[in-house]
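Asks: here you go, sequence then predicted model.
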Amino acid sequence: MAEVRPDAVTFIDVIQVIKTVAVRGAGTEEDPFRNITQFWTLDGSLIVEFDIQKMAGEIISDYQGRSAALREMMK
C-alpha cells in the first residue's frame, strides 16, 4: 500500500490567471531593485504577490529567532 503523506498534493486544476512580473525597489541597499511576481484574475483582481527577496529575509529572521530560542532551551 502507498504511504500517505499529509502534505501530498491531493488535487490539481488548470485555471486561467494573469501572471505579471514587475520591477520594484528604489535601487538602494535597504530597498534593492527586484522582480515581483503577481497573479491576477481575468477581471483584474490581485490574487497573490511574491516578493522572493522580502520573503527570504523574513524566513532567515524567523529561523534565527527559532534557533536562538532552541539554543536557550537546551542550556
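Replies: Great, that's in hand.

Asks: going by C-alpha atoms from here, please, whenever you check contacts or count neighbours.
Replies: Will do.

Asks: give me the buried positions along stretch 26-44.
Replies: 34-36, 38-40 (16 or more other Cα atoms under 10 Å).

Asks: check the offset of it from the chain's centre.
Replies: 12 Å (Cα atoms, centre = their mean, to the nearest Å).

Asks: any idea how far apart the tips of it sit?
Replies: 26 Å (Cα to Cα, to the nearest Å).

Asks: need the contact partners of that stretch.
Replies: Stretch 26-44 is touched from outside by 16-25, 46-53, with contacts defined as Cα atoms under 8 Å, 6 or more residues apart in numbering.

Asks: which ones among those are found in strands?
Replies: Here DSSP state E is the test, and the contacts of stretch 26-44 give 18-24, 46-50 as lying in strands.

Asks: low pLDDT regions in the chain?
Replies: 1-2, 4 (pLDDT under 70).

Asks: can you map out the helices along it?
Replies: 52-73 (DSSP state H).

Asks: from W40, how far out is I52?
Replies: 18 Å.

Asks: returning to that earlier point: now the ones in strands among the contacts of stretch 26-44 as a markdown table including neighbour count and distance to V9?
Replies: As requested, these are exported to a markdown table (neighbours: other Cα atoms under 10 Å; distance: Cα to Cα, whole Å):
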| residue | neighbour count | distance to V9 |
| --- | --- | --- |
| I18 | 14 | 23 |
| K19 | 14 | 22 |
| T20 | 12 | 25 |
| V21 | 13 | 26 |
| A22 | 9 | 29 |
| V23 | 11 | 32 |
| R24 | 13 | 32 |
| L46 | 14 | 24 |
| I47 | 12 | 21 |
| V48 | 11 | 20 |
| E49 | 14 | 22 |
| F50 | 13 | 21 |
